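Visitor: heads up, no residue letters with this:
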């Protein structure tokens with residue numbers, strides 16, 4: 001979301017649409033943020049480069065905490081708050097007769113959250129920086145450890161783009177700690193079932209889920225900072241199908257969420273877990289312990305069931321490895 005706000009601002013595009021995003025997430029997401037996560041202080045061991053590819057830091061460094069983040073990125077602050085935002089450091093770099101380059105270093109609650117911020121808008125090719133990266137339209141985004149980094153310039157050109165990548169590598173090198181990708185991502189079936197490249201999103205908020213795939217205005221799946229959700233898109237029979245995988249703190253929470261979803265989304269299911277919806281496609285939902293799996297938009301009942309069963313098999317294999325350990 002922030003990617004588009006910045007590009008709109010640079011290109012003079014009307015940004016009223018983003019006001020809706022602010023209102024929606026402010027109402028539904030901020031209340032879910034864990035108070036203890038909003039420390040507002042960056043890890044003192046993490047710094048940013050002072051120079052790269054001939055661009056030199058202007059000597060000014062801006063820092064934001066959860067209270068001042070809106071002043072810097074009004075229109076997308078809630079995205080970072082949803083992932084346990086803890087602090088932001090910004091530096092700007094200058095070179096004679098060249099556009100200024102901005103480096104933003106976001107600290108969030110965990111490496112899983114850093115992956116989540118990165119995954120939420122991922123759409124471009126990787127460039128091998130950090131633990132996951134993309135570069136397109138003059139914007140470099142990557143994550144490493146519990147940090148998400150965004151680097152962009154006020155203008156374009158081959159020299160500028162090369163400098164952005166050099167700046168990114170230098171920044172990544174200064175983040176010494178590595179992190180883990182969310183375990184839940186490993187439970188997503190792969191390309192053999194039609195997984196669309198770069199479509200996996202790791203989510204902590206039902207509002208963010210709705211922005212990627214609308215389910216309901218109400219939080220019928222009981223998503224919060226205490227839950228983990230992965231949304232992925234598949235191509236089945238040349239049609240879009242979505243898989244949603246959610247892990248809750250315990251079995252009771254998962255049971256409550258499953259019942260809430262079935263009652264609100266599939267009220268006419270009649271005890272079945274596979275239903276043909278009004279759009280002539282198939283939705284299938286099932287609870288397995290603390291996990292709820294939902295397939296939306298299966299072109300046939302067989303397609304929906306195959307995707308769900310493949311997910312269940314990966315879930316069972318994962319639990320088998322945990323028991324052995």
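Guide: Yes, it's here. Given the structure is predicted, the values throughout are model-derived calculations rather than measurements.
Visitor: Sketch out the low-pLDDT regions of the protein for me.
Guide: Residue ranges of the chain with pLDDT under 70: 1-46, 319-325.
Visitor: next structured bit after the helix or strand where residue 114 lies?
Guide: For residue 114, the enclosing helix or strand under DSSP states H and E is helix 111-120. On the C-terminal side of helix 111-120, the nearest following helix or strand under DSSP H and E is strand 132-136.
Visitor: tell me how far the helix or strand following that following strand is from the chain's mean position?
Guide: As assigned by DSSP H and E, the chain's next helix or strand after strand 132-136 is strand 139-144. Mean C-alpha position of strand 139-144 versus that of the full chain (Cα atoms, centre = their mean, to the nearest Å) differs by 12 Å.
Visitor: Which neighbouring elements make contact with strand 139-144?
Guide: Counting by 3 or more Cβ pairs under 8 Å, 6 or more residues apart in numbering; DSSP states H and E, the packing neighbours recorded for strand 139-144 are helix 2-11, helix 111-120, strand 132-136, strand 147-153, helix 158-174. Yep, even glycine has a C-beta here, placed from its N, CA and C like the rest.
Visitor: can we see that at 10 Å?
Guide: Here strand 139-144 touches helix 2-11, strand 101-107, helix 111-120, strand 132-136, strand 147-153, helix 158-174, going by 3 or more Cβ pairs under 10 Å, 6 or more residues apart in numbering; DSSP states H and E.
Visitor: Of all the ones you listed, which one is nearest residue 214?
Guide: Shortest distance between residue 214 and the helices and strands packed on strand 139-144, using Cβ to Cβ, is found for helix 111-120: 15.3 Å.
Visitor: In that closest one, which residues are buried?
Guide: Buried residues in helix 111-120, counting neighbours by 16 or more other Cβ atoms under 10 Å, are found at 111, 112, 113, 114, 115, 116, 117, 118, 119, 120.
Visitor: same thing with stretch 90-97?
Guide: Buried residues in stretch 90-97, counted by 16+ other Cβ under 10 Å: 90, 91, 92, 93, 95.
Visitor: Just read off the phi/psi values of residue 257.
Guide: Per-residue torsions, residue 257: phi -70, psi -40 (degrees, to the nearest 10).
Visitor: What separation do you get for the residue nearest to it when sequence neighbours are not counted and residue 295?
Guide: Of all residues not flanking residue 257 in the chain, residue 222 sits nearest, at 4.2 Å (Cβ to Cβ, 6 or more residues apart in numbering). Here residue 222 is placed at a distance of 19 Å from residue 295 (Cβ to Cβ, to the nearest Å).
Visitor: downstream neighbour of whichever strand or helix holds residue 258 in the secondary structure list?
Guide: Taking DSSP H and E as the definition, one finds residue 258 inside helix 251-265. Proceeding N to C from helix 251-265, the next assigned helix or strand is strand 274-276, under DSSP H and E.
Visitor: in the helix ranked longest in the chain, what's buried?
Guide: Counting residues, the longest helix in the chain under DSSP state H turns out to be helix 301-324. For helix 301-324, burial by neighbour count (16+ other Cβ under 10 Å) applies to 303, 304, 305, 306, 307, 308, 310, 311, 314, 315.
Visitor: do the same with stretch 134-152
Guide: Across stretch 134-152, burial judged by 16+ other Cβ under 10 Å covers 134-135, 138-152.
Visitor: again, but for stretch 245-262
Guide: For stretch 245-262, a neighbour-count test (16+ other Cβ under 10 Å) marks 245, 246, 247, 248, 253, 254, 257, 258, 260, 261, 262 as buried.
Visitor: Run a quick neighbour tally on residue 83.
Guide: Neighbour count of residue 83, defined by other Cβ atoms under 10 Å: 30.
Visitor: quick one: contacts for it?
Guide: 33, 37, 106, 108-110, 112-118, 120, 146, 148, 202-205, 208, 225 (Cβ atoms under 10 Å, 6 or more residues apart in numbering).
Visitor: Report the separation between it and residue 239.
Guide: Where residue 239 is concerned, residue 83 sits at a distance of 31 Å (Cβ to Cβ).
Visitor: what's around the nearest residue in space to residue 314 that is not next to it in sequence, how many residues?
Guide: Sequence neighbours aside, residue 187 is the residue nearest to residue 314 in space, at 4.7 Å (criterion: Cβ to Cβ, 6+ apart). Counted with other Cβ under 10 Å, residues neighbouring residue 187 total 22.
Visitor: quick one: contacts for residue 187?
Guide: Residues in contact with residue 187 (Cβ under 10 Å, 6+ apart) are 230, 243, 245, 247, 291, 293, 310-318.
Visitor: Against residue 92, how distant is it?
Guide: 41 Å.
Visitor: One more: residue 109?
Guide: Here residue 109 is placed at a distance of 27 Å from residue 92 (Cβ to Cβ).
Visitor: Same question for residue 106.
Guide: Counting by Cβ to Cβ - residue 106 and residue 92 are separated by 16 Å.
Visitor: Equivalent analysis for residue 155, please.
Guide: In this view, residue 155 and residue 92 are 14 Å apart by Cβ to Cβ.
Visitor: Since that was my last question, I'll sign off now.
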